[in-house]
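*Asks:* okay, sequence plus prediction incoming.
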Amino acid sequence: MKSLVVASNNEGKLREIKEILSDLNLDLKSLKDYPEIPEIIEDGKTFEENALKKAREVFNILQVPVLSDDSGLEVHALNMQPGVYSARFAGEPKDHQKNNQKLLKFLENYHDDEKKARFRCVVVFKTFETEHIVEGFCTGRIINELRGSGGFGYDPLFIPDGYQQTFAELTQEVKNSISHRGRAFSLIKPIIKNYT
């Protein structure tokens, strides 16, 4: 069984990635297994820059294959904000509840049909030989109140196209099958499979 390090400490993200890749014969580690690695400052202007930075920094320290992603919410009416600042939309330290409240405040004067949004995820798989980059999207809309107890981040405010439930109301299995992260990881999965 080969080891693969996911360059993240985010519990919700790690849970989703482990489920999506559960059929691969991998020993998945995360940054929680390597407390000596300093926090990686995500200062890129794009999701791709941040994902690459995380993958490269962790790879340089550990010298093992690394999987990283950077993802966030893009709201059309807000010029695709919060974008790369999704996790820190309301400032430091990261706070999902404050981020959601700020988003609702920004959108309070918009009509429902003006609240189109998409989740976006860029995944990097870095090995000794190469770097693979893929991207996944999930389009939908933002609603006016938090609904559901599953998921994390903006999930209670986001209804994907074709559904009546928010990401936080859908089962993990359904969410993983349609989400930005699920789509991106389904693209990278065959590449990881070749590695294993």
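*Replies:* Happy to help now that I have it.
*Asks:* from now on I want contacts and neighbour counts done on CA atoms only, so please keep to that.
*Replies:* Will do.
*Asks:* helices or strands next to the least confident helix or strand in the chain by mean pLDDT in the packing?
*Replies:* The weakest-scoring helix or strand in the chain, judged by mean pLDDT, DSSP states H and E, is helix 11-20 (a mean of 90). Packing contacts for helix 11-20, counted by 3 or more Cα pairs under 8 Å, 6 or more residues apart in numbering; DSSP states H and E, involve helix 172-178, helix 180-195.
*Asks:* so which of those helices is the most packed in?
*Replies:* Of all the helices and strands packed on helix 11-20, helix 180-195 carries the top mean neighbour count, a mean of 18, counting by mean count of other Cα atoms under 10 Å.
*Asks:* name the residues that touch that one?
*Replies:* Contacting residues not belonging to helix 180-195 are listed as 17, 20-21, 24, 71, 119-123, 125, 132-138, 175-177 [Cα atoms under 8 Å, 6 or more residues apart in numbering].
*Asks:* so how far is that helix from its chain's centroid?
*Replies:* Distance of helix 180-195 from the chain centroid (Cα atoms, centre = their mean, to the nearest Å) equals 14 Å.
*Asks:* one step back: which other residues reach the least confident helix or strand of the chain?
*Replies:* Applying Cα under 8 Å, 6+ apart, the contact partners of helix 11-20 are Val6, Ser8, Leu28, Ser30, Gly151, Phe152, Gln172, Asn176, Arg181, Gly182, Phe185, Ser186.
*Asks:* and the residue nearest to the spatial centre of the chain, helix, strand or coil?
*Replies:* The residue lying closest to the centre of the chain (Cα atoms, centre = their mean) is Ser71, at 3.8 Å. Assigned with DSSP: H, G, I helix; E, B strand; the rest coil, Ser71 falls in the strand class.
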